[in-house]
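Peer 1: Have a look at this prediction, sequence included:
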Amino acid sequence: MKHRLAGHGCWQTGGVEPVAEVSAAGRDGRAGQRGRYGIDGGLAGLAVFGVMEAGLAGTVAWAVRHRRPAVAALAGVGGAAVAGSAASYLYSTGPGKRAIWAQLLDELGLRGDEQVLDVGCGRGAVLMLAARRLPAGRAVGADVWRRRDQSGNSRAAAERNAAAEGVAGRVELVNADARDLPFASASFDVVVSSLAISNIREAGGRAQALREAARVLRPGGRLRIVDDGADRYAAVLRDAGCTDVAVRQLDWRTWYGIPGHHIPLVAAVRASSSRRSGRPPGLRGARLARRCRRCRPAGPARRDRPGQGLAGERRGRAPAHEVTALFQGDIGEAGDVHRAVGRAQVELGVDRYRARRGGHVSGQREGRGDRDPGSRTPRSGLP
């Protein structure tokens with residue numbers, strides 16, 4: 001029995017009691033053997049391995065018939081290497097991926113009542129592992145379910161796997177593009193994604209998907225993305241408001257048929273509300289303020305000369321030390337001292353600066369406007 005969930009256009013499968021705790025099989029990823037999760041990248045990769053294996057087998061047969069033992073030996077070694085690569089690919093797309101994600105989810109230390117989103121869930125290998133760790137929570141899978149991304153990729157296949165794993169009562173599936181997620185901001189405690197964002201061919205589209213993943217995270221929420229090229233996602237995530245962004249290479253279980261080719265993981269945390277509110281925690285804001293004073297010194301105050309402004313300050317702009325004191329929070333949030341100071345100076349405005357200086361600038365202009373034509377001395381009586 002299915003019922004439609006309001007607001008997101010998603011379906012939830014009912015009639016299955018939730019599992020109270022994760023078994024040992026669920027911990028190391030073996031629970032995924034209950035479902036059928038297909039092959040990442042579709043059947044095209046296996047077809048390539050098959051063509052290579054057939055060609056090398058034909059070469060061995062030709063070499064034996066023509067008594068070319070060296071050629072036969074080389075072709076045999078090549079055939080064994082291709083077979084090993086195919087076996088590695090199948091392992092990485094199946095048991096290896098589930099074991100890696102079981103480890104990553106355990107590292108998160110989930111309480112069991114979180115809201116978790118899997119972007120590009122496919123047939124649900126990672127989604128089901130997350131759901132088994134959420135007896136009182138919810139696991140949401142979002143995808144467009146294209147066959148070229150995964151063999152047998154469909155929403156119905158994901159629903160069948162949820163039922164087979166015994167977690168259908170806490171799994172929701174949503175038809176959604178990663179670049180336009182239909183969720184409110186700050187909706188999830190954890191966002192995960194496995195080999196999905198790289199399927200977006202345009203760099204701008206991948207960046208938009210990353211921004212969407214960061215948007216739906218709650219303050220302090222955690223993000224884990226395993227993807228080919230995930231090491232290039234760090235800058236986008238920082239710009240999207242994430243902190244503690246770290247990239248690390250995963251182990252041999254992610255070779256996908258290419259020895260030494262490690263799929264990277266990018267981990268991040270959504271910035272807390274205190275950092276986004278303009279009040280940097282600790283001494284970070286004070287350090288940035290000192291940096292600002294060093295790179296934009298206001299200069300020592302000196303006695304003004306007739307017709308000139310204060311020494312060490314640009315005419316019509318607020319001194320750097322005043323800007324730093326008033327807009328320290330903006331500096332901490334922007335992460336770019338120069339840009340923040342420039343923005344603050346524009347916001348202060350020339351009129352506000354004149355008022356702070358006690359009408360000094362306006363007095364200068366009156367003095368300059370009262371000069372006697374042909375004379376270098378103003379009529380104010382100064383010698």
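Peer 2: Here it is on my side, so go on.

Peer 1: which parts of stretch 48-66 are buried?
Peer 2: For stretch 48-66, a neighbour-count test (16 or more other C-beta atoms under 10 Å) marks 49, 52-53, 56, 59-60, 63 as buried. Just so you know, the C-beta spots here come from the backbone N, C-alpha and C atoms, and that holds for glycine as well.

Peer 1: actually stretch 203-217, not the one I wrote
Peer 2: 206-217.

Peer 1: Would you quantify the distance from the closest residue in space to G257 that isn't next to it in sequence to D227?
Peer 2: Of all residues not flanking G257 in the chain, Y89 sits nearest, at 3.5 Å (C-beta to C-beta, 6 or more residues apart in numbering). For Y89, the distance to D227 (C-beta to C-beta, to the nearest Å) stands at 17 Å.

Peer 1: Which strands or helices does the host helix or strand of A70 pack on?
Peer 2: Per DSSP states H and E, A70 falls inside helix 69-91. Helices and strands touching helix 69-91, by 3 or more C-beta pairs under 8 Å, 6 or more residues apart in numbering; DSSP states H and E, are helix 44-65.

Peer 1: quick check: angle from the helix it packs on to helix 69-91?
Peer 2: 160 degrees (axes from the mean of the first three to the mean of the last three C-alpha atoms, to 10 degrees).

Peer 1: buried stuff in stretch 117-125?
Peer 2: 117-125.

Peer 1: hmm, I was thinking of stretch 96-108
Peer 2: Buried, per 16+ other C-beta under 10 Å, within stretch 96-108: 96-102, 104-105, 108.

Peer 1: how about the nearest residue to D40 once chain neighbours are set aside, secondary structure?
Peer 2: Spatial nearest neighbour of D40, excluding adjacent residues (C-beta to C-beta, 6+ apart): T93 at 4.3 Å. Three-state call for T93 (DSSP: H, G, I helix; E, B strand; the rest coil): helix.

Peer 1: Would you confirm that I100 contacts Y256?
Peer 2: No. Using C-beta atoms under 8 Å, I100 is not in contact with Y256, being 11.7 Å away.

Peer 1: where are the low-confidence patches of the stretch 1-150 of the chain?
Peer 2: Within the stretch 1-150 of the chain, the ranges that satisfy pLDDT under 70 run 1-33.

Peer 1: Which residue ranges of this protein form helices?
Peer 2: Counting by DSSP state H, one finds helices in the chain at the ranges 24-27, 44-65, 69-91, 97-108, 125-131, 155-165, 203-215, 234-239, 273-276, 284-295, 320-326, 328-334, 337-356, 360-369.

Peer 1: For the third one, list the C-alpha coordinates in CSV.
Peer 2: What follows is the C-alpha trace of helix 69-91 in CSV, where atoms were taken according to Å, rounded to 0.1, in the frame of the first residue of the first chain:
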residue,chain,number,x,y,z
PRO,A,69,54.1,-18.9,-28.2
ALA,A,70,55.3,-15.5,-27.3
VAL,A,71,52.2,-13.8,-28.8
ALA,A,72,50.0,-16.4,-27.1
ALA,A,73,51.6,-15.7,-23.8
LEU,A,74,51.3,-12.0,-24.0
ALA,A,75,47.7,-12.2,-25.1
GLY,A,76,47.0,-14.6,-22.3
VAL,A,77,48.5,-12.2,-19.7
GLY,A,78,46.4,-9.4,-21.2
GLY,A,79,43.3,-11.5,-21.0
ALA,A,80,44.0,-12.3,-17.3
ALA,A,81,44.5,-8.5,-16.7
VAL,A,82,41.2,-7.6,-18.4
ALA,A,83,39.4,-10.3,-16.4
GLY,A,84,40.9,-8.9,-13.2
SER,A,85,39.8,-5.4,-14.1
ALA,A,86,36.3,-6.6,-14.8
ALA,A,87,36.2,-8.4,-11.5
SER,A,88,37.4,-5.2,-9.7
TYR,A,89,34.7,-3.2,-11.5
LEU,A,90,32.0,-5.5,-10.4
TYR,A,91,33.2,-5.6,-6.8
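
Peer 1: Cheers, nothing more for now.
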